[in-house]
Each structure stands twice: as structure tokens, then as C-alpha cells.
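> Let's see this in three dimensions:
(2 chains)
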Amino acid sequence: MNQELLEKLSECVEFGKINLASPYPPQMKGLPGADEITKEALEAGVTPTEILNDALITAMNKVGQKFSENKIFVPQMLLSAKAMSASMMHLKPFFANGSVKRKGTFILGTVYGDLHDIGKNLFGMMVEGAGWEVIDLGIDVKIEKFVEAVQQNPNAVVGISALLTTTMVHMKPVIDAIRIAVPETKIIVGGAPLSAEFASSIGADGYGKNPQEGIMWLDKISA
Amino acid sequence: MKLFLEQILQSSKVLPLPIMTHPGIEALGKSVRDAVTDGMTQYQAIKYLSDNFDTIACTTIMDLTVEAEAFGAKINFPEHEVPSVSERLVVDLESVELLEVPSLEKGRIPQFLLANKLSAENIKNKPVFSGCIGPFSLAGRLYDMSEIMVAIYIEPEIVLQLLSKCTEFLVNYCKALKATGTAGVIIAEPAAGLLSDDDCLEYSSNFVKQIVDSVQDETFTIILHNCGNTGHCTNAMIASGAKALHFGNAINMEDVLKQCPKDIVVMGNLNPVGVFKQGTRESVRKATRKLLDETAGYPNFVISSGCDLPPFVPEENINAFLETVEEFNSKQYT
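Numbering: from 1, shown residues only, chains lettered A, B, ... in the order given. Below you'll find the predicted structure:
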């Protein structure tokens, strides 16, 4: 029974079935979604850790893999992420009281001067689905805000996003300021105009060409 | 002037068309903000590039906010970067139903029409291409890009209604651009590249086709630009009916050329950042030569940047690109 619920939940997240009301995907229309099944699973005695590890992380891994292989696209990935978030809402009290451990904390923001957020949002949801707590600082994030967040969460990993060639150059001052505040902080950067060479040249520890690459890097440094 | 498509398809040479206005703006000592708010400045930048670089055509600035601003969206204007939409304008069915299709007097539209008119009137030796955003990308700017991606599956009726309004406006805008005397319009539809081929057809190409059917003819060419396509939605782009397709650097040009009918002009796709902006003269020459070698034998190919050149591209890199194309042509055909 519990295994069946976990499989159903995993399927909801993989195919983006958020809740009963959601008409997507068409083959699951009228069926309960991640929201209802998570509630049912907790009531049936499935532990939050099992839900996180055996349903959500497993499903989001599959989603990331399918995205990197061009089998699904941004809309389907966002729907999966929304389904995962609907499930995660039920787990929040267990994260808060410490009964479920996450892999770590990930601070995320689009660099100052840049108002683009789709890549950041997508990656943030994938990171959350991979078992991390995500602190999303939003768009147009000033240096001081990154520094303040790192000082409050000194073990956190930081992700900085940029879409514009004129704003990607703002990443280095952010990285430099974070290194002064908490020198051991690991930092990953991403965004359409970036390259691995650019990431390395500004002192970033990691570069994510796509969400899946970024998750793999996070898994590697947290292992 | 020989018709643009005829000129390309009948040429024995590979013709260069980098999408650019920023180098002209910088050469004039003006800011991007100046160029996107003042039609005369934008024209002067285009004229400078026309006079100083031997390309087959000129392009107006790829602003991608002027249309959303006309609808009433709030716009952020950085000094040295293209503007961006700062918050969503419509959030649900009711607000989409209430949204009015704006007149061409709204926002900066008159300044953009002025830039196009001045360019078409004063640049005599090569065609000038207007620019506008594509319907799906415009709808995404009004509805929020992340939200519209989800809405196409959860609330498709909202998206379709919004797309109808965006398309109605864009048809009017493209008719006005055509009336300025330009040779065509580059419709930039980058957000459609985030969709599958089927979704790109349903939520982008079917609407682009309405624009194509309204304005495209022998004298006015639609160039559909989609730099988000990695090869997965080329069929949808072809289905738009645009006579020219322009691709970003995420795609393999040889594969695209094999896939596209020979009477469609195919343009692309040197990396505007990695090659033009961050590269050196030598690396630009190497990348240009590589693309020319890979695409040799396709008369419908136009070598271009994969998107518009960003601000602060060194002029010597643009010259290195053009020189390499010229050398390739002379060696290939003499």
C-alpha cells in the first residue's frame, strides 16, 4: 500500500499532475494529484523522508534526465516542479522540526541589473526537488543581499544566474564579496550567455549548462 | 533594388548578415536607452553600420519590449542594455478579456516607425529589415514567461485569447512597418524555442502565420527568428510560412539546412557572445570558416550571428567575420 502510494506520487510529479483540479496531463484528468496523494501517504504512515527520497527526488531525477534528452520541454518541466511543490507543502512542518534532513541549503538569485527569472526559477525548483532547501532571493539581487544571505547561512551553496551579456559581468563582484564574507562558500553560475570558461574566469566553482548539469554538480559537492 | 530573396538564392556567394545595431549606437557615442527611445538616434546607428560594414542588409534594433509597452506593460530602461518588462500586465481570464489591443500611437511605437522610415528612405544601397517580437514571446512578456509555460496546459483558453490580441496588434504593427518602405521584418520568437514542436506550432507558428499571410509578398519578406530552437521545433518554424528562417547558435546549421526546403532562406548562427563578443580576431575567423565549410553547397544559406550582437562587441571582430566570408567567397568561386 505504502509502496503503491509512493509510486503514484512519483508518477504525479514525473508527469506534472499537481492536484485533483488540474486538467494536466489529460490521461490523469479527474484523478488525485501530488497534493492529495502526499496527504494520503502521510496519513497512511509513509514517512516524510520516504516521500522525499523515494518519490520526489526519484521523479525529479527522471524529469531532469528527460529534459536534458529533449524528451520534455520547459512547460512540462515546470508542471512537474509545481507538482513537486504541491507535495513539498505537506512536508514543510517536518523540515521545520528537523525530522527530515535535506542535503543542504542553496541560495539562488539573478544578478543585479538583470530581471530575468525563468532559468533561475526552473533551476531552483529542480534543486528543491533534488532534496535541497532553496532560498530564492529573486531577481536583480544586489551584492549586499547575497552577502547577507550567506552570512545567515554560512554552509549554504550559492547559485547566481544571468541572461544578459551586460549583467553576466556583475557576477564576479558578487563572487568576490561572498568570498570575503564566507571564503569557503561554493558558488555555481548559469545562464544563456555563460560558458564553462567564463565561469572559471570569474572564480565560480561550478557551471551548469542546463539544470541537470547543475544538479549533478551539487550532488558531487554534497556527497 | 533586386528582390532580397532572389538576390540570395541566385547569388554564387555566401552572403553575410550579422544582426546588429549596438556597434552603431556605440560608434555614435550614444546609449542603448537613447536608441530605443529616439527614432532619429536609432536610424543614425543603422546608417553608420550600413556605411561602414559590407553586409547584405541592415536591421533595426531587437528591443522586444516596445510592443509590450504599447499594451501598457511597465518597462525598465537600463542605460546600456535593451529594456525589459518589469512586471506582468495580465494575470487571469478577466484581465486578458479586458486587455485592449493598443493603437500604433502608444508608447515608443511612433519612434520605432520613425527609425524604420528614415532608414528605408536614406539607406539606398541595401535593404533594411524591421524587427518585432513574435506573438508567443509577446504574450509571455504580458502574462509572465514562467506562468504562460504552465498555462498552455492548465488554462489554454486564456493563452489563446491573449495570443489573438497580441497577433492582432502585431499584424497592425507589421503593416505599418511595411508602409515605411523596409524590405521585411525579423519576427523574434525566442520563447517559442522553449516549447515542443507541437506546442510551438499551436502557440506560435499558427499565429506567426497570420502575420505572414497579412504582409508577406514579393517585396516584403518575413524572417522568423527563434534562437531557442535546438533542433526540436524546426518543422513548426517551417510551417509558419515565413520565407526566411533565422536560427540561434544552439542548433546545428547543417542539420537545419538538410531539413528546410531549398526555397526557404536559412540564416545563422555564430554565437553572438562566445564568438563575436568574447572572441578574438583569430577565433572569429576560425569559427566563421568552420561554419562556412560545414554549410558549403547550400545556396539558400546566409551566414549570420545566432542572435543580435550584444553591446560592446569589438568592431575588429565584426570585420574579421566579414573578411573571412569575403575570402571564402573569392577562393571558392574564382
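> Please name the residues that touch the residue of the stretch 201-334 of chain B found nearest chain A.
In the stretch 201-334 of chain B, the residue that lies nearest chain A is B:P310 (3.9 Å; Cβ to the nearest Cβ). The C-beta positions use only the backbone N, C-alpha and C, and glycine is treated the same way. Residues near B:P310 by Cβ atoms under 8 Å, 6 or more residues apart in numbering or on different chains: A:L164, A:T165, A:T166, A:P193, B:H22, B:P272, B:V273, B:F276, B:K277.
> near chain B, anything from whatever helix or strand the third one lives in?
For A:T166, the enclosing helix or strand under DSSP states H and E is helix A:165-168. Yes: counting by Cβ under 8 Å from any Cβ of the partner chain, contacts between helix A:165-168 and chain B involve A:T165, A:T166, A:T167.
> In what element of secondary structure is B:P261 found?
Assigned by DSSP H and E, B:P261 belongs to no helix or strand.
> Is there a neighbour count for it? I'd like the number.
By other Cβ atoms under 10 Å in any protein chain shown, the residues close to B:P261 number 8.
> need the longest helix for chain B.
helix B:156-179 (DSSP state H).
> Are we agreed that B:M237 is in a helix?
Yes: looking at B:M237 with DSSP: H, G, I helix; E, B strand; the rest coil, it is inside a helix.
> Show me the beta-bridge partners of the spatially closest residue to B:L64 that is not a sequence neighbour.
Spatially, and ignoring its direct neighbours in sequence, B:L64 is nearest to B:I133 (4.8 Å; Cβ to Cβ, 6 or more residues apart in numbering or on different chains). On DSSP bridges, the residues paired with B:I133 through beta bridges are B:A188.
> Just the pLDDT for B:I133.
As predicted, B:I133 sits at a pLDDT of 97.
> Can you pull up the most central residue in chain A?
The C-alpha lying nearest the average C-alpha coordinate of chain A belongs to A:V127 (Cα atoms, centre = their mean; 2.3 Å).
> now that one: how far from A:M84?
11 Å (Cβ to Cβ, to the nearest Å).
> ditto for A:W132
For A:W132, the distance to A:M84 (Cβ to Cβ) stands at 12 Å.
> Just want to know which of these two has more residues nearby.
Ranked by neighbour count (other Cβ under 10 Å), A:W132 and A:M84 place A:M84 first, with 28 against 22.
> Look at that one and report its pLDDT.
If you check A:M84, the pLDDT there is 94.
> same deal with A:V182?
Looking at A:V182, its pLDDT is 96.
> Tell me how many other residues surround it.
Using other Cβ under 10 Å as the criterion, A:V182 is surrounded by 15 other residues.
> Now do the contacts for the nearest residue to B:K106 once chain neighbours are set aside.
Leaving aside its sequence neighbours, B:K106 sits nearest to B:A70 (Cβ to Cβ, 6+ apart; 4.0 Å). Applying Cβ under 8 Å, 6+ apart, we find B:A70 in contact with B:P102, B:L104, B:K106, B:G107, B:R108, B:I109, B:F169.
> Which one of the residues you listed is nearest to B:V96?
Nearest to B:V96, judged by Cβ to Cβ, of the contacts of B:A70 is B:F169 at 13.5 Å.
> Can you pull the phi and psi angles for the nearest residue to the closest one once chain neighbours are set aside?
In space, and not counting its chain neighbours, B:F169 is closest to B:V101: 5.0 Å by Cβ to Cβ, 6+ apart. Backbone dihedrals for B:V101, given as degrees, to the nearest 10, come out at phi -70, psi 120.
> Likewise for the one 5 residues further on?
Recorded main-chain torsions at B:K106 are phi -80, psi 150, according to degrees, to the nearest 10.
> Now do it: how many residues are near it, please.
16.
> can you pull the contacts of it?
B:E69, B:A70, B:F71, B:G72.
> Now, of those, which are buried?
B:E69, B:A70, B:F71 (16 or more other Cβ atoms under 10 Å in any protein chain shown).
> Quick check: pLDDT value at the second one.
Going back to what we said before, that points to B:A70. Looking at B:A70, its pLDDT reads 98.
> now do A:I202
On the pLDDT scale, A:I202 gets 94.
> so which strand or helix has the residue lying closest to it once chain neighbours are set aside?
Setting aside the residues directly before and after it, A:I202 is nearest to A:K172 in space (Cβ to Cβ, 6+ apart), at 4.1 Å. According to DSSP H and E, A:K172 maps onto helix A:171-181.
> Alpha carbons only: can I get that helix in CSV?
In CSV, the C-alpha atoms belonging to helix A:171-181 read as follows (Å, rounded to 0.1, in the frame of the first residue of the first chain):
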residue,chain,number,x,y,z
MET,A,171,28.8,38.1,-11.3
LYS,A,172,32.4,38.5,-10.4
PRO,A,173,31.9,41.3,-7.9
VAL,A,174,29.2,39.2,-6.3
ILE,A,175,31.5,36.2,-6.1
ASP,A,176,34.4,38.3,-4.7
ALA,A,177,32.1,39.8,-2.0
ILE,A,178,30.8,36.4,-1.0
ARG,A,179,34.4,35.1,-0.8
ILE,A,180,35.4,37.9,1.6
ALA,A,181,32.3,37.3,3.8
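> Before I go, just wanted to say thanks for your time.
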